[in-house]
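S.K.: test case, fold it:
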Amino acid sequence: MTLNNDEDLERLKEIGRICANAIQVMATALEPGMTTAELDAIGRKVLEDAGARSAPELSYNFPGATCISVNEEVAHGIPGTRIIKAGDLVNIDVSAEKNGLFADTGASFAVPPVKPQIERLCRDGKRAMWVGLNEVKAGKPLAAIGNAIGSFARKNRYTLVTNLASHGVGRSLHEEPTEIATWPDKHEKRRMTDGMVFTVEPFLSLGAQWAEGGDDAWTLYSEPRAPTVQYEHTVVVTRNGPLVITLPG
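M.R.: A predicted model of the protein is given here:
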């Protein structure tokens, strides 16, 4: 999607705010002993109360309103009977639609007590996302995002999952520009243009380099198995830099 009017921008900001609010409410409710289905129901209520619809359900018939991935699961975890335990690393990914526009956001949360190594991973996962977001500006190469995140990961001795990319979003959940690498990609030659809308969502890990499928059609697992975090915002490219639209409010 390329934004070209204020009305669309306001509608995009609205659905971005709704997605961010859902994550915030879910994160506050997150505690040992609850199931991922119970956590998902909390997110669903936030979306429905705001007049929004779950994007994975709407677009792909995903069996849940949100994606909740625990520990060895890195993405697209199905909400269900899994009980969240103390020390778990939980990723919550919320995407939704309202008035024809979509937004997508995600964050990882460690359930106390938290090991220092995991606390640092969460802190640096968020930093890696912002390192990428700070490269967003009209006229710059898209590859600048992955190059910056790659330098950050290398300097801080992390790996990046290199088959889960960022993507365009707006009129649908996944659209042009597709497959935006959050790692260095010498084949990426596209440039950012004013009004372009996409996600920035690096998967920072203590050793994983790949995400692989499992027993169901959705859940992806770290390979090799290692703690992995994802932080994600939807952003609009402007001549002055990034305009992040998935902020709570």
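S.K.: drop to CA atoms for contacts and neighbour counts, all remaining ones
M.R.: Will do.
S.K.: now do the helices in the chain.
M.R.: Listed in chain order, the helices of the chain (DSSP state H) span residues 6-29, 36-49, 55-60, 116-133, 143-155.
S.K.: mean pLDDT, mean neighbour count and distance to residue 219 added to those helices, as CSV?
M.R.: Supplementary listing: these in CSV, determined by pLDDT from 0 to 100; neighbours: other Cα atoms under 10 Å; distance: least, Cα to Cα, whole Å:
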stretch, mean pLDDT, mean neighbour count, distance to residue 219
helix 6-29, 98, 20, 19
helix 36-49, 98, 19, 13
helix 55-60, 97, 16, 13
helix 116-133, 98, 19, 21
helix 143-155, 98, 21, 24
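S.K.: pipe these into a markdown table and attach distance to residue 195 per row.
M.R.: As requested, the helices of the chain are exported to a markdown table (distance: least, Cα to Cα, whole Å):
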| stretch | distance to residue 195 |
| --- | --- |
| helix 6-29 | 9 |
| helix 36-49 | 26 |
| helix 55-60 | 22 |
| helix 116-133 | 15 |
| helix 143-155 | 17 |
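S.K.: closest one to residue 81 among those helices?
M.R.: helix 36-49 (6.3 Å; Cα to Cα).
S.K.: which strands and helices sit next to the closest one?
M.R.: Packing contacts for helix 36-49, counted by 3 or more Cα pairs under 8 Å, 6 or more residues apart in numbering; DSSP states H and E, involve helix 6-29, strand 53-54, strand 67-70.
S.K.: now the shortest one: average pLDDT?
M.R.: Think strand 53-54. Mean pLDDT, computed over strand 53-54, is 98.
S.K.: now do that strand: distance to the chain's middle.
M.R.: Relative to the centre of its chain, strand 53-54 is centred 16 Å away, using Cα atoms, centre = their mean, to the nearest Å.
S.K.: that one pairs with which strands, parallel or anti?
M.R.: Here strand 53-54 is paired, per DSSP bridges, with strand 89-98 (antiparallel).
S.K.: contacts for the partner strand, please.
M.R.: For strand 89-98, contacts defined as Cα atoms under 8 Å, 6 or more residues apart in numbering pick out 11, 15, 19-20, 22-23, 47, 51-56, 65-71, 74-75, 102-111, 173, 227, 229-230.
S.K.: and those, which of them are buried?
M.R.: With neighbours counted by 16 or more other Cα atoms under 10 Å, the contacts of strand 89-98 contain buried members at 11, 15, 19-20, 22-23, 47, 52-56, 65-71, 74-75, 102-111, 173, 227, 229-230.
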